[in-house]
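*Asks:* here is my input, please return the structure:
(one chain, ligands or ions: 1)
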Amino acid sequence: MTKTVETMELALSRKTDADMLREAKAFFELMHARRTVRDFSADPVDPEVIRLAIRTAATAPSGANQQPWSFVAIGDPATKRAIRIAAEEEERAFYSGKAGEEWLGALAHLGTDWDKPFLETAPWLIAIFAQRWGIDAQGRKVKHYYVPESVSIAIGLLIASLHSAGLATLTHTPSPMGFLNQICGRPDNEKPLVLLVAGHPAEAARVPAISRKQEGDILFWKTAP
Ligand code: IYR
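*Replies:* Down below sits the predicted model:
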């Protein structure tokens, strides 16, 4: 039996090898310059940039094209404050024992602690929720597939878009972060995956002197000899 699938035109124009290489290099250079920032300026950022970045995130491939994500863009001081208070409560527990020595040891070189002023300073927080299941028009549960994979790809695109717009981001994951459902008014089928902090870096912002793994340690070719 041949399946009949409704199709449409593909909007992808073929590039020359030279153009491909140039584009790939330029994108690599752009992304290689991205760094996670923890010290944000309070300068405002146009919500249109945030909207476009979220729409970019939502172009991600997803299991069965179910697009199992919701984004909450938070710019108002009262909500940011509520999030900071709830996040710091979890972080205090984390850093004062819950994490365990091994985890705290792995983090030590980043110099992080429970204090999260950036949750109020940065102009935008974007809470990304994964829809563990969907709900159809009749209110019935719809199974979703490859949810963490799909939403994580979307978050990668979100970070890339914000970075390409010249903004700094911090992928923040206080744990647990169920408080985000209540503060953001999202239903129980949605699990908060990441709280992305976005804005301009503070003028004097510094980042830890860390490096990326060598290509030979991460890339393994299987090509014909
Ligand atoms: N959520 C904590 C701890 C933390 C954990 C990991 I893994 C990091 O890469 C960085 C921090 C915090 O934000 O401080």
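*Asks:* any idea how many residues pack against residue 182?
*Replies:* Using other Cβ atoms under 10 Å, residue 182 is surrounded by 10 other residues. Every C-beta, even on glycine, is put in place using the N, C-alpha and C of the backbone.
*Asks:* typed the wrong thing, it's residue 59
*Replies:* Applying other Cβ under 10 Å, I find that residue 59 has 12 neighbouring residues.
*Asks:* that one is in contact with residue 157, isn't it?
*Replies:* Yes. At 6.6 Å, residue 59 counts as touching residue 157 under the criterion of Cβ atoms under 8 Å.
*Asks:* who touches both of those two?
*Replies:* With contacts taken as Cβ atoms under 8 Å, 6 or more residues apart in numbering, residue 59 and residue 157 have no neighbour in common.
*Asks:* next one: phi and psi at the nearest residue to residue 75 once chain neighbours are set aside?
*Replies:* Nearest residue to residue 75, sequence neighbours excluded (Cβ to Cβ, 6 or more residues apart in numbering): residue 124, at 5.6 Å. The phi and psi torsions at residue 124 (degrees, to the nearest 10) take the values phi -130, psi 140.
*Asks:* contacting residues for residue 124?
*Replies:* Residues near residue 124 by Cβ under 8 Å, 6+ apart: 45, 47, 50, 73, 74, 75, 197, 198, 199.
*Asks:* partners of the helix or strand that contains the fourth one in the sheet?
*Replies:* This means residue 73. Using DSSP states H and E, residue 73 sits within strand 69-74. Note on strand 69-74: by DSSP bridges, its sheet partners are strand 124-131 (antiparallel).
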